[in-house]
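> Fold the following for me, if possible:
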Amino acid sequence: MAQTYPPHPRVSIGLPVYNGENFIKETLDCLLSQTFDDFELIICDNASTDRTEEICRDYAARDKRIRYYRHPENLGAAKNYNRTFELSTAEYFKWAAHDDLYAPEFLERCVEALDTHPSTVLCYPQEYWIDEQGNPLKSHADILN
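Predicted coordinates for the structure are as follows:
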C-alpha cells in the first residue's frame, strides 16, 4: 500500500542543481531513505546539459515527495537558489547539494532538536568531506557558536 503524505510536510529540502549527473543518484538515494520521511524534496534544475533531467524525472516518477522543476534556460545560481526556496511549503527548510550524502537519521535528529528547543533557529550535523570514491578527507568540528 502506498504511503500518503500531508499537503504541507514538516521539512522542505531544496536542491538547486546544474549538471549534477555525477553524484545526484547517491544524494537522492540518501535523502529518500531518511528515517524521518515527512518531507518534500524540491529540485530546481538550472537548465542542465547532462543527464540530470533524466535522472531527476525518473526519481520524481517513483516518489511523490519529489517536486522537479526545470528552467528552460540557465538563470544563474542566485536566482535558482531563490526559486528553490520560494517553492518550499514546510515549517522547516534544509538546503541540499547534488553531491552531498546524509546519514539515515539526519532529518530525524535535526527535527527532534528543533522541536525540543523551539527558540533554536539552526540545526546542523557534524560534517565530513569525502573524495569521489567516498574516502574521508577531513572533518569539520563545530564552527558555529
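> which residues of this structure score low on pLDDT?
Across the chain, the ranges flagged by pLDDT under 70 are 1-7, 126-130, 134, 136-145.
> middle-most residue in it, spatially?
A96 (3.6 Å; Cα atoms, centre = their mean).
> Quick check: it vs T116, distance?
Distance of A96 to T116, given as Cβ to Cβ, to the nearest Å: 23 Å. C-betas here are computed from N, CA, C, even on glycine.
> swap in T52?
Taken as Cβ to Cβ, the spacing of T52 relative to T116 amounts to 37 Å.
> quick one, which of the two is more surrounded?
T52 (23 against 8; other Cβ atoms under 10 Å).
> what's the more buried one sitting at in phi/psi?
When read as degrees, to the nearest 10, the backbone of T52 gives phi -50, psi -50.
> Surely it and C44 touch.
No: counting by Cβ atoms under 8 Å, T52 does not reach C44; the two are 11.0 Å apart.
> okay, and the common contacts of the two?
Residues within reach of T52 and of C44 at once, by Cβ atoms under 8 Å, 6 or more residues apart in numbering, are V17.
> mind listing the strands for the protein?
Using DSSP state E, the strands of the chain run over 11-17, 39-45, 66-70, 92-95, 127-130, 136-140.
> how about a markdown table for those strands, with distance to A77 and mean neighbour count added?
A markdown table is the format used below for the strands of the chain (distance: least, Cβ to Cβ, whole Å; neighbours: other Cβ atoms under 10 Å):
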| stretch | distance to A77 | mean neighbour count |
| --- | --- | --- |
| strand 11-17 | 7 | 23 |
| strand 39-45 | 11 | 24 |
| strand 66-70 | 15 | 17 |
| strand 92-95 | 12 | 16 |
| strand 127-130 | 21 | 12 |
| strand 136-140 | 23 | 9 |
